[in-house]
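> Coordinates for the following, if possible.
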Amino acid sequence: MTPIVPALLGTPSDTHLRDAVNRYLDGVNATAGAEMLYVLDGSGTSLAASDWDKPGTTLGQDLSFRPYVIDALGQGRGRFYGVGITSKRPGYYLSYALRRGQPSRGVVAVKVNLEEAERAWRKLPGDVALIDQRGVVILSTRDDLKFRPLLPLDALQRAEVLRSRPYGEASLQPLRWSQKESLDRDVQVISLDGTDQLASARTLRGAPWQLVLLDDLAPVRAAARNGAITASLAMAVLLLVAVALWQRRRAVRQKLANQAALQAAHDTLESTVVARTAQLRAAQGELVHAGKMAALGQMSAGVVHELNQPLTAMRTLSESAGILLDKDRLDDVRGNLQRIRDMVDRLARLTSQLKTFAHRSELPLVPLLLSQAIVDAQVLVADASKKQRIGIEVDVQPAALSVMAEEAALGSVLVNLMRNAIDAMQDTPQRTLRLTARPREGRVVLSVSDTGPGIHPRILPRLFEPFVTSKPAGAGLGLGLVISAQLVRAMDGTLRATNLEEGGACFMIDLPAAIAVIHSPPVPSPAYSIEQQE
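Next up is the predicted model:
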């Protein structure tokens, strides 16, 4: 449409006009960025070109045999890819007819260099090839593939190639290309030069060409193989993990079941132990009570004898008081009455002890003067000690030493220990019963020792068990020390036994100390006896 171009077609011999068109085309081409822009006349000869001043210019060349010139003159436009006749460089040619009426007066053609696209393809993974309508590779990232057909060309194709010369001087040696497997319409497994490759093809719009992407299957297959191996290992690991989790869950369930069974067994055992303990405590309480009653039966004969003496004396004193009253001897009467009152108090004390011993009680603890408790116990064993010619030595320091105890229980324990000591010294030449009491860190330790043969080593560890005794059959039940130990424990104390190095046995009563209370001095009382419990 530029006036100078039609003017050149009208007067092609005008050199000044040709020079102007050359410069004009150079400017247009510089803006468009094509490789070359040129104008041909109606016979296909180049009249002007943008590269008129460069080697290999088309200026003056007869290009009428080129398909893009033929198509443009015959159809108004043409397209063609081929190697330049003069430049020897491949390019894509677009041509348009220059008409002012009919026929065409000339052709304008532009050559586009596709090597930039080819260089960009080299940055992509795999190989890229552009195949034209004859099956010839015209562009490729691999130089050894360029201008080589996939299959040998037939005679018609060879004749057309010789006429239009699109591939320049290329030998058109066919590739070793064969299809092995079709995976999809545009995806195939091919063999290229003996190497398996994955070919993915796309047909270009506006041109009968195919763009093919080639990927070597060896790395793909290696990756697939590695992926399969990895997947297999992963599955194996997952399987092992699953088995481990299953075993762990099974172990956890088994552990929970074992814990539940163990807890149930523990609960059952605990309840059984509690029940058996309660039964044993009840049985022990009944046993102790039975022992008390048995001992009470044994004591009854001695108690009757001991009661008859003061009762007879009381009767004699009362009759004497009547006679003295008739004689108006009032002071003597008062003396007799005082002695009768003392005897009644002692009898009351004795019966109270027997009542407490016969019945189970909570043993309320009160401060007791220890020397007075020892004197009361001496009264009950006085007859037996005199009969066996036993010497009793009492050493309580300080004299006002007191303990927290229950009077009847403490008396029963002292009487039992003293009677056991008296019985143990029947066959020994030296017969001494010692009672020693000393305070020790807020408590009081009372020792009852004898000069007898001591406790047999076989019996000593089980001395406080029921029915354990060293006396002949019928002489003791083996319950006295059990009862005594229980009474001492009820008073927050302990009862222990040991053998002395110089001979004899020693029983130690440990009781809580009490604040000293004021008592009247212990007064010797008529001898009372109690049948020994051990």
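> can you list contacts of stretch 38-55?
Residues outside stretch 38-55 that contact it (C-beta atoms under 8 Å, 6 or more residues apart in numbering) are 5, 8-9, 12, 18, 21-22, 25-26, 28-29, 36-37, 57-66, 69, 73, 98, 103-109. Heads up, the C-betas are built off the backbone N, CA and C, glycines and all.
> right, I mislabeled it, should have said stretch 181-196
175-180, 197-202, 214, 216-218.
> Mind checking which of the residues you listed land in strands?
177, 178, 179, 180, 197, 198, 199, 200, 201, 202, 214, 216 (DSSP state E).
> coming back round to it: list only those of the contacts of stretch 181-196 flagged as buried.
175, 177, 197, 198, 199, 201, 214, 217 (16 or more other C-beta atoms under 10 Å).
> got a list of what residue 96 touches?
72, 76, 77, 107, 108, 109.
> can you do 10 Å?
By C-beta atoms under 10 Å, 6 or more residues apart in numbering, residue 96 lies in contact with 68, 72, 76, 77, 78, 104, 106, 107, 108, 109, 110.
> for residue 74, same thing?
97, 103, 104.
> Doesn't it belong to a helix?
Yes: counting by DSSP: H, G, I helix; E, B strand; the rest coil, residue 74 is located in a helix.
> what packs against the helix or strand harbouring residue 246?
Taking DSSP states H and E as the definition, residue 246 sits inside helix 217-326. For helix 217-326, the packing partners by 3 or more C-beta pairs under 10 Å, 6 or more residues apart in numbering; DSSP states H and E come out as strand 187-192, strand 195-203, helix 330-358, helix 370-387, helix 407-424, helix 480-490.
> Quick check: the closest residue to residue 401 other than its chain neighbours vs residue 154, distance?
Of all residues beyond its chain neighbours, the one nearest residue 401 is residue 370 (5.1 Å), with distances taken as C-beta to C-beta, 6 or more residues apart in numbering. The gap separating residue 370 from residue 154 is 141 Å, by C-beta to C-beta, to the nearest Å.
> quick one, which of the two is more surrounded?
residue 370 (26 against 9; other C-beta atoms under 10 Å).
> Now do the contacts for the more buried one.
Residue 370 makes contacts with 394, 396, 399-403, 405, 410, 414, 435, 437, 444, 446, 509, 511, 513-514, 516, as judged by C-beta under 10 Å, 6+ apart.
> go with 6 Å
396, 401, 403, 437 (C-beta atoms under 6 Å, 6 or more residues apart in numbering).
> For this structure, which residues score under the pLDDT cut-off?
Within the chain, the stretches with pLDDT under 70 are 100-102, 206, 284-285, 287-310, 346, 349-363, 467, 470-478, 516-534.
> which residues sit in contact with residue 437?
370, 396, 401, 446.
> Scan these and report the most crowded one.
In terms of neighbour count, residue 370 stands highest of the contacts of residue 437 at 26 neighbours, by other C-beta under 10 Å.
> Quick check: the gap between that one and residue 447.
Taking C-beta to C-beta, one finds residue 370 at 12 Å from residue 447.
> now residue 325
With C-beta to C-beta as the criterion, residue 325 and residue 447 are 50 Å apart.
> between those two, who's got more neighbours?
Between residue 325 and residue 447, counting by other C-beta under 10 Å, residue 447 is the more crowded of the two (18 against 13).
> returning to what we had before: which one of the contacts of residue 437 is nearest to residue 312?
Using C-beta to C-beta, residue 370 is the member of the contacts of residue 437 that sits closest to residue 312, with 32.7 Å.
> Which two of the contacts of residue 370 have the greatest separation?
Counting by C-beta to C-beta, the most remote pair of the contacts of residue 370 is 396 and 403, 10.7 Å apart.
> When you filter the contacts of residue 96 down to buried only, what's left?
Of the contacts of residue 96, these count as buried by 16+ other C-beta under 10 Å: 68, 72, 78, 104, 106, 107, 108, 109, 110.
> Can you redo those as TSV, where the extra columns are distance to residue 281 and secondary structure?
Listed next are the buried ones among the contacts of residue 96 as TSV, based on distance: C-beta to C-beta, whole Å; DSSP: H, G, I helix; E, B strand; the rest coil:
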residue	distance to residue 281	secondary structure
68	123	helix
72	126	helix
78	123	strand
104	133	coil
106	133	strand
107	129	strand
108	127	strand
109	125	strand
110	120	strand
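> Show me which of the residues you listed is closest to residue 168.
Of those, the one sitting nearest to residue 168 (C-beta to C-beta) turns out to be residue 68, at 15.5 Å.
> so what's that closest one up against?
78, 80, 93, 95.
> Now do the contacts for the first one.
With contacts defined as C-beta under 6 Å, 6+ apart, the neighbours of residue 78 are 68, 71, 72, 95.
> in what helix or strand does the last one lie?
Assessed by DSSP H and E, residue 95 sits inside strand 90-98.
> strand partners of that strand, parallel vs antiparallel please.
The strands beside strand 90-98 in its sheet (DSSP bridges) come out as strand 77-83 (antiparallel), strand 106-112 (antiparallel).
> Kindly export that strand (C-alpha atoms) in CSV.
Output in CSV follows, covering the C-alpha atoms of strand 90-98 (Å, rounded to 0.1, in the frame of the first residue of the first chain):
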residue,chain,number,x,y,z
PRO,A,90,16.3,-22.6,7.1
GLY,A,91,13.3,-20.4,7.7
TYR,A,92,9.6,-20.1,7.5
TYR,A,93,8.3,-18.1,4.5
LEU,A,94,5.0,-16.2,4.3
SER,A,95,4.0,-14.6,1.0
TYR,A,96,1.2,-12.3,-0.1
ALA,A,97,0.1,-11.2,-3.6
LEU,A,98,0.3,-7.5,-4.5
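> just how off-centre is it within its chain?
80 Å (C-alpha atoms, centre = their mean, to the nearest Å).
> One more: stretch 333-348?
83 Å.
> what does stretch 491-510 give?
So, by C-alpha atoms, centre = their mean, the centroid of stretch 491-510 is 55 Å from its chain's centroid.
> who's in contact with that stretch?
365, 405, 417, 443, 445-452, 454-455, 463, 485, 488, 511-512.
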